[in-house]
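Asks: Sequence first, then the predicted structure:
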Protein chains: 2
Amino acid sequence: MADVARVAGVSHQTVSRVIGGHPNVSAKTRAAVTAVIEELGYRRNSAARALATRRTHTLGVIAVNTTLHGPASTLAGVQEAARERGYLTSAVTLRAATEEALTEAVQHLSGWGVEGIVAITPWRDAVRALAALEAPCPVVTVEGGHDLDLPGVSLDQHLGARMITEHLLTAGHSTVWHVAGPADWLESEARTAGWEAALRDAGVEAPPLLRGDWSPLSGYQAGQQLAGRVLSSPGQGDGLTAVFVANDQMALGVLRAFREAGLETPADVAVAGFDDIPEAEFFPPPLTTVRQDFASLGRSSIGLLLEHIEGTAEGTTHLTLAPELIVRASTARRRPTPGD
Amino acid sequence: MADVARVAGVSHQTVSRVIGGHPNVSAKTRAAVTAVIEELGYRRNSAARALATRRTHTLGVIAVNTTLHGPASTLAGVQEAARERGYLTSAVTLRAATEEALTEAVQHLSGWGVEGIVAITPWRDAVRALAALEAPCPVVTVEGGHDLDLPGVSLDQHLGARMITEHLLTAGHSTVWHVAGPADWLESEARTAGWEAALRDAGVEAPPLLRGDWSPLSGYQAGQQLAGRVLSSPGQGDGLTAVFVANDQMALGVLRAFREAGLETPADVAVAGFDDIPEAEFFPPPLTTVRQDFASLGRSSIGLLLEHIEGTAEGTTHLTLAPELIVRASTARRRPTPGD
DNA sequence: CAGCGCCATGTTAGCGCTCACAATTCTCAG
DNA sequence: CTGAGAATTGTGAGCGCTAACATGGCGCTG
């Protein structure tokens, strides 16, 4: 910066003003300085700037399972939004959201002087640990639930589950079975609750719950159980003609189990998923599911976080985004024609 | 730091030595200072440190399509490895690897003073642009090919494709058809080349090539073409009994097209993929594929990058990791029994 | 034409840390 | 007991930048 100032024949402060877009600089000076900056290829040193302003303009992201479609998409949204707003982001990917790992992640990030943290940790315990952690900067959760006093953004899982359950009931199924995700996941609980609420409203008693761990394998195992039930009970005794699976990957496993057991989807049993991963449209058969706009979710979290950092936010805030029902062949009333 | 020094009754420099783990500090002083640090909850300011040492200990990552399984896993490996080595990482996710976007990404990162960049950009043009860009810091490519003088790490796509093609030939298929990825992707080219090489070695002429864009939809379309060919040519005229699809997602589309056309996999046509995404095991039928260890790939790239930053590296280096063939039902010689 | 105020620019003092070197203390052989 | 040399600690400067204040020049009002 001193070099630029010397060549341009001004003080270093004027150079600083030009870079910072400060208003009180004459057009002539501004042009001259800009030209010299260009010529010398000067870039201002962000460390020195951070030191002088006491602002690092850096945000941290804590996430788990970033190789899955949902978290990965959310992460991308977060990064893009932060970059647009002039912030650097640094992501820490955790293998498991234990209290210890979370503490370490927060320490790592705050050691780098992050001004805020976005935590994509959809575990009840993780959110609780995070709330108790007293991080030295604002923290915004993504899919972290609304019961703790941490600001956060979520997709309306409850509504999505309700939509899909009602869709199945409307299609003429007398009840809807459910393969849930792990009990300690907030998303899982909300989806289960939405399913229950829809059944209750329809005056239908909820069938017993099956649980998986989001993986295709666990869905496959749940599917085997369900298939066994259908085949062993003559005359469709349990009214098992429709299954709402808590995510698309498990739904894939369920579909396979049904196919292997000789059950046809949707003719014998309709299956619906949740998430709308890119593959879902090409499942056998194409899967009815709930689309979640993960990218928007990520963007919103940055918006909320920056409000807190810049002090515009009033207390704890929660944002909820609406999901979208995507109806495909897996819940069609009759067997779909090929190519559907 | 001044506070710590005052409370501990030492100079700020001694505090700095304790934090930095400098050897010449008496055990007593070290303990005292450590205690005060703990008590005051002091954390050293990374911006000031960066300013004084002229080292930011920050690395940048440039990636495209981070929502896909491969790039997302690689990214996670990169981040984890960097963190272990004491570096902060910041990822920039590009929508498309145009020269413009790359330039912008490099500028964004170097504006933050990154000491090195890992570029996960498996496009020929992107790598070329990157090489021409003259970044102000070392750049390591991931899946960036070996023909340009940018250091990089890759998985041996050529070998993987060869393995899978040979597997199919060994299984008794007279030839192997291929649904390739986009022509400008290095991975795509290498897989095609490996397929061609395996056929050549076996003395078989390569059938015409089909191309997709990695998406399930494009695989579906390619599958429809292939199915049409099988059904219209009596007596399996073209020897179309085995297809090697360049990634698992497209393979999913191909499988669907075959199923809709009434072709059975693997009885009528065997299908193999590439990548081993988590869902592949649950495709209808479970997909033979090539597993790539993306996390190791990411870790290696950091190893290589740090060698360059710390000056231990000798010129341009390329690392290649071996893939692993995963044989499943989609290429079994006879129809698999349910549950396989 | 004096005097006020505003605009453009310069000057100074840190931000919190590490480096290089100086000063002090300690250790131990002769 | 003494002095060399090593170990330990302190001092001062400066990394590159911005905030706050100081300065000087200009136009405008009365």
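Replies: Arrived safely. Computed from a predicted model, the values in this text were never measured in an experiment.
Asks: residues from the stretch 201-340 of chain A in reach of chain B?
Replies: Counting by CB under 8 Å from any CB of the partner chain, the stretch 201-340 of chain A comes close to chain B at A:215-217, A:219-220, A:249, A:252-253, A:255-256, A:259-261, A:278-279, A:281-284, A:338-339. All C-beta atoms are positioned from the backbone trio N, CA, C, and that covers glycine.
Asks: May I see the ChimeraX selection of the buried members of those residues?
Replies: Under the burial definition 16 or more other CB atoms under 10 Å in any protein chain shown, those of these that qualify are selected in ChimeraX by:
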select /A:215,216,217,219,220,249,252,253,255,256,259,260,261,279,281,282,283,284
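Asks: quick one: which of the residues of the stretch 201-340 of chain A next to chain B sit in helices?
Replies: Under the assignment DSSP state H, these contribute A:P216, A:L217, A:G219, A:Y220, A:Q249, A:L252, A:G253, A:L255, A:R256, A:R259, A:E260 to helices.
Asks: mind checking how far the third one is from A:A171?
Replies: Okay, so that is A:G219. A:G219 is 21 Å from A:A171, where distance means CB to CB, to the nearest Å.
Asks: how near is the residue of the stretch 201-340 of chain A found nearest DNA strand D to A:L40?
Replies: Residue of the stretch 201-340 of chain A nearest DNA strand D, by CB to the nearest atom of the strand: A:E310 (14.2 Å). Distance, A:E310 to A:L40, using CB to CB: 33 Å.
Asks: What count of nearby residues applies to the residue of chain A found nearest DNA strand D?
Replies: Across chain A, the shortest distance to DNA strand D (CB to the nearest atom of the strand) belongs to A:M1, at 2.5 Å. Counted with other CB atoms under 10 Å in any protein chain shown, residues neighbouring A:M1 total 16.
Asks: In this structure it contacts A:R43, no?
Replies: No: contact criterion CB atoms under 8 Å: A:M1 and A:R43 do not qualify, at 9.8 Å.
Asks: And the helices in the stretch 51-200 of chain A?
Replies: Taking DSSP state H, counting those that start in this stretch, the helices of the stretch 51-200 of chain A run over residues A:69-84, A:99-111, A:124-132, A:157-170, A:186-201.
Asks: so which of those is the most packed in?
Replies: The highest mean neighbour count among the helices of the stretch 51-200 of chain A, using mean count of other CB atoms under 10 Å in any protein chain shown, belongs to helix A:69-84: a mean of 24.
Asks: what's the domain layout of chain A?
Replies: A:2-44, A:55-153+A:294-321, A:157-292+A:325-331 (automatic domain parsing).
Asks: ok so, going back, looking at the helices of the stretch 51-200 of chain A, spot the one closest to B:W112.
Replies: B:W112 lies closest, by CB to CB, to one member of those: helix A:69-84, at 10.5 Å.
Asks: Can I get that closest one in CSV, CA atoms only?
Replies: Written as CSV, here are the backbone C-alpha positions of helix A:69-84 (Å, rounded to 0.1, in the frame of the first residue of the first chain):
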residue,chain,number,x,y,z
HIS,A,69,-27.1,-34.8,-0.9
GLY,A,70,-29.0,-32.6,1.7
PRO,A,71,-26.1,-31.4,3.8
ALA,A,72,-23.9,-31.0,0.7
SER,A,73,-26.4,-28.8,-1.0
THR,A,74,-27.0,-26.8,2.1
LEU,A,75,-23.3,-26.3,2.5
ALA,A,76,-23.0,-25.1,-1.1
GLY,A,77,-25.8,-22.6,-0.5
VAL,A,78,-24.2,-21.3,2.7
GLN,A,79,-20.9,-20.8,1.0
GLU,A,80,-22.3,-19.1,-2.0
ALA,A,81,-24.4,-16.7,0.0
ALA,A,82,-21.5,-15.9,2.3
ARG,A,83,-19.2,-15.2,-0.5
GLU,A,84,-21.7,-12.9,-2.1
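Asks: what is the rounded mean pLDDT of that helix?
Replies: Helix A:69-84 shows a mean pLDDT of 95.
Asks: which residues touch it?
Replies: Helix A:69-84 has contacts (CB atoms under 8 Å, 6 or more residues apart in numbering or on different chains) with A:59, A:61, A:63-66, A:88-89, A:91, A:118, A:120, A:142, A:275, A:277-278, A:292, A:294-299, A:301-303, B:66-68, B:72, B:91-93, B:108.
Asks: if you set the cut-off to 6 Å instead, what comes out?
Replies: Outside of helix A:69-84, the residues within contact range by CB atoms under 6 Å, 6 or more residues apart in numbering or on different chains are A:59, A:61, A:63, A:65-66, A:89, A:118, A:120, A:142, A:277, A:294-295, A:297-299, A:302, B:66-67, B:72, B:91, B:93.
Asks: what's the distance between A:E264 and DNA strand C?
Replies: Distance of A:E264 to DNA strand C, computed by CB to the nearest atom of the strand, to the nearest Å: 67 Å.
Asks: What count of nearby residues applies to A:H146?
Replies: 15.
Asks: Could you find the closest non-adjacent residue to it?
Replies: Of all residues not flanking A:H146 in the chain, A:H318 sits nearest, at 4.9 Å (CB to CB, 6 or more residues apart in numbering or on different chains).
Asks: So in terms of bridging, what pairs with that neighbour?
Replies: A:G152 (DSSP bridges).
Asks: and the residue of the stretch 151-300 of chain A found nearest DNA strand C, what pLDDT?
Replies: Minimum separation of the stretch 151-300 of chain A from DNA strand C (CB to the nearest atom of the strand) falls at A:P151, amounting to 27.0 Å. For A:P151, the model assigns a pLDDT of 92.
Asks: same question, the one 5 residues further on
Replies: Predicted confidence (pLDDT) at A:D156: the value is 95.
Asks: Please report phi then psi for it.
Replies: phi -80, psi 80 (degrees, to the nearest 10).
Asks: Could you report the distance from it to A:T192?
Replies: Distance of A:D156 to A:T192, computed by CB to CB: 14 Å.
Asks: what does A:Q157 give?
Replies: Using CB to CB, we find A:Q157 at a distance of 9 Å from A:T192.
Asks: re earlier: since we're on the residue nearest to A:H146, how many residues are nearby?
Replies: Applying other CB under 10 Å, we find 14 residues neighbouring A:H318.
Asks: Wait, it touches A:D147, no?
Replies: No: counting by CB atoms under 6 Å, A:H318 stays clear of A:D147, with 10.0 Å between them.
Asks: For chain A, what lies in contact range of DNA strand D?
Replies: Within chain A, the positions near DNA strand D by CB under 7 Å from any atom of the strand are A:1-2, A:12-13, A:16, A:19-20, A:44-45, A:48-49, A:51-53.
Asks: who wins for most neighbours among those?
Replies: Result: A:L51 is most packed of the residues of chain A next to DNA strand D (other CB under 10 Å), 20 neighbours.
Asks: element containing the residue nearest to it when sequence neighbours are not counted, please.
Replies: Of all residues not flanking A:L51 in the chain, B:A47 sits nearest, at 4.5 Å (CB to CB, 6+ apart). Assigned by DSSP states H and E, B:A47 falls within helix B:46-53.
Asks: Nothing else from me, thank you.
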